[in-house]
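> Using only what follows, build the 3D model:
(one chain, ligands or ions: 1)
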Amino acid sequence: MFAKLLYNRNSLVLNTSFKYFSTSHARLKEHNCKLLVVGGGSGGCSLSAKFARNFQKGEIIIVEPSDVHYYQPMFTLIGGGIKKLEDSRKNMRDVLPNKANWIKESVVEFNPQKNAVTISNGDTIKYDFMLVAVGLQLRYEAVPGLVEALNIPNSGVCSNYSPNHVNKTYEALQKFESGNAVFTFPNTPVKCPGAPQKVVYISEHFFRKTGKRNKANVTYNTSLGVIFGVKKYADALWKVVKERNINVNLRTNLIEVQPEKKLAIFENLDKPGEKTIVEYSMLHVAPPMGAPDVLKKCTDLVNEAGFVNVNKDTLQHVKFSNVFAIGDCSSSPNSKTAASVAAQCNIVYKNMKAVMAGQNLTEIYNGYASCPLVTGYGSCIMAEFDYDLNPLETFPISQDKEMWVMYMMKKDFMPTLYWKLMLNGYWNGPSTVRSLMHLGLRK
Ligand SMILES: Cc1cc2nc3c(=O)[nH]c(=O)nc-3n(C[C@H](O)[C@H](O)[C@H](O)COP(=O)(O)OP(=O)(O)OC[C@H]3O[C@@H](n4cnc5c(N)ncnc54)[C@H](O)[C@@H]3O)c2cc1C
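Predicted coordinates:
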């Protein structure tokens, strides 16, 4: 039998209500909160900050295992040597709101029928409302030979997608002398679908700047059937790759790396069994990604692909009305970017508040996503679009052009916007700016 012990609230590490459970093996705790936020990344941190303004201390619990919060959109620039890894990181304790209780563990089991989760130290957390914001899981191990290749110093294999590997990209660029520079896009959902090709453009420009371009054969192998999902920007990108003599192979998926021979093996997704073997000098890999394993285990909570099953308009769970999801782990079919997270913040905030107050949901998410397609040192195409892949541009100019000002926004303005406004719950995407720029004619 579990026994409830008396406790003194002031003596607890966490200022939240909980009970002790005594088992034959350990003393486990049961925490209780009004709002449980699972994940302290872009979505979890921003939304906790919004709620923390109105909630009492102790009413919000955030479960997040990492000590460090990364601004991942900066990884592209780090790979190009434009920013340093330190510029992209802050201590988690400095970005999470003080009024929320941070438990530095992972959720290992969701139990939405009981409004409860189990965390990695064995404790249970019971909640009235839950926001799931656990992001995507990187699956480097799904490509045989890739992890080994990434861990061999100076192997030429690199990946902007992980803070553990992003510095290898600039190292590989600097060490590159001649041969094939190959870049990949996996056959899975990805975060920032533009990132696997931004590194192609930056690398190609780097080779030109350093006089190595005529010795480099630059190839982008993508599993997709298009260079970019939105036609307006895809047309602009095809021009860029043609002008700069970059080879693009569609429906071509990396399936194996043999680091000892510096070989990358690709499958043709349209012709089962057909493989191409490429000898590389540099190989940049966007790894396979997917919903985190912990979500996949809870079939009540997720769709068949393992993403939290929400209504794409309201972002409320289709079955559990007290559960919402934000960001990369959600089933909403938008492009998975931090820009989408910003646009989702106010939708989720207002709709969750409505549920808490027993009112109807009023806010509708239009699928807004943005992708600053950096095309070199000093140029960027700022793609912005909605669920239907229609452009939804903030500025009253056609944004399918390579522009210096957009590059500066990506490099200097957006990081400040992220750290100062978004993570403090004050940035909900550019819809108001867009409306002003278009004289109120565009939402
Ligand atoms: C190379 C690269 C370039 C990018 N470029 C851009 C860009 O230019 N523009 C843009 O808008 N977006 C970009 N993105 C995408 C953007 O970073 C993500 O879409 C965004 O961070 C998603 O936010 P999130 O809160 O859903 O997930 P994350 O920010 O990834 O946060 C998820 C959090 O959940 C935690 N977590 C995981 N599992 C558990 C668990 N079991 N229990 C508790 N916590 C858990 C993790 O530790 C993490 O802190 C880029 C990403 C990468 C990698």
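
> Report the contact partners of the closest residue to Ile103 other than its chain neighbours.
Distance criterion C-beta to C-beta, 6 or more residues apart in numbering; nearest residue to Ile103, sequence neighbours excluded, is Val63 at 5.1 Å. (Glycine included, C-beta is placed from N, CA and C.) Counting by C-beta atoms under 8 Å, 6 or more residues apart in numbering, Val63 makes contact with Leu36, Val37, Val38, Gly39, Ile103, Glu105, Ser106, Val107, Val117, Ile119, Ile125.

> how close does the closest residue in space to the first one that isn't next to it in sequence sit to the ligand?
Taking C-beta to C-beta, 6+ apart as the measure, Leu36 lies nearest to Tyr127, with 3.7 Å between them; neighbours along the chain are not counted. Here Tyr127 is placed at a distance of 14 Å from the ligand (C-beta to the nearest ligand atom, to the nearest Å).

> Let's verify Tyr127: helix, strand, or coil?
strand (DSSP: H, G, I helix; E, B strand; the rest coil).

> longest helix of the chain?
Identified as the longest helix of the chain according to DSSP state H is helix 338-356.

> I'd like to know how many residues surround Gln137.
Here the number of neighbours of Gln137 (other C-beta atoms under 10 Å) works out to 18.

> measure it to the ligand for me?
Taking C-beta to the nearest ligand atom, one finds Gln137 at 8 Å from the ligand.

> Hmm, Gly290 and that residue touching each other?
Yes - applying C-beta atoms under 8 Å, one finds Gln137 in contact with Gly290, separated by 5.8 Å.

> shared neighbours of those two, anything?
The contact lists of Gln137 and Gly290 share no entry, where a contact means C-beta under 8 Å, 6+ apart.

> who in the stretch 301-443 of the chain is up against the ligand?
Contacts of the stretch 301-443 of the chain with the ligand, taken as C-beta under 6 Å from any ligand atom, map to Gly327, Asp328, Cys329, Lys336, Thr337, Ala338, Ala339, Val341, Ser370, Pro372.

> tell me which element the last one falls in.
When you say that, I think you mean Pro372. Following DSSP states H and E, one finds Pro372 within strand 369-376.

> That strand pairs with which strands, and in what direction?
Here strand 369-376 is paired, per DSSP bridges, with strand 379-385 (antiparallel).

> Please work out which residues outside the helix or strand just after the partner strand touch it.
Where DSSP H and E defines the elements, the next helix or strand beyond strand 379-385 is helix 404-408. Applying C-beta under 8 Å, 6+ apart, the contact partners of helix 404-408 are Pro372, Val374, Gly378, Ser379, Cys380, Ile381, Met382, Gln399.

> Mind picking the two most distant members of these?
Greatest spatial distance among the contacts of helix 404-408 (C-beta to C-beta): Gly378 and Gln399, at 16.6 Å.

> Between these two, point out the one with more neighbours.
Gln399 (21 against 14).

> interface residues of the stretch 151-300 of the chain facing the ligand?
For the stretch 151-300 of the chain, the contact set with the ligand under C-beta under 6 Å from any ligand atom comprises Asn160, Tyr161, Lys191, Cys192, Ala195, Pro292, Val294.

> Could you tell me how many residues sit around the fifth one?
In other words, Ala195. Neighbour count of Ala195, defined by other C-beta under 10 Å: 23.

> Now for the residue nearest to it when sequence neighbours are not counted: which residues touch it?
Spatial nearest neighbour of Ala195, excluding adjacent residues (C-beta to C-beta, 6+ apart): Thr76 at 5.6 Å. By C-beta under 8 Å, 6+ apart, the contact set of Thr76 is Asn160, Ala195, Lys198, Val199, Ile202, Val374.

> What strand or helix carries Thr76?
Thr76 belongs to helix 75-79 when assigned by DSSP H and E.

> again with Ile227
Applying DSSP H and E, one finds Ile227 in no helix or strand.

> That one contacts Val240, correct?
No - the criterion here is C-beta under 8 Å, and Ile227 misses it with Val240 at 9.3 Å.

> and the closest residue to Cys329 other than its chain neighbours, what does it touch?
In this structure, Cys329 finds its nearest non-sequential neighbour in Val134, 4.8 Å apart by C-beta to C-beta, 6+ apart. Applying C-beta under 8 Å, 6+ apart, we find Val134 in contact with Val38, Gly39, Gly41, Val107, Pro292, Val294, Leu295, Cys329.

> correct me, but the fifth one touches Leu136?
This points to Pro292. Yes - here Pro292 reaches Leu136: they are 7.4 Å apart, a contact under C-beta under 8 Å.

> what sits in contact with each of those two?
In contact with both Pro292 and Leu136: Cys329, using C-beta under 8 Å, 6+ apart.

> For the stretch 1-150 of the chain, just list every one of the helices.
In the stretch 1-150 of the chain, helices defined by DSSP state H, counting those that start in this stretch lie at 42-52, 75-79, 92-95, 146-151, listed in chain order.
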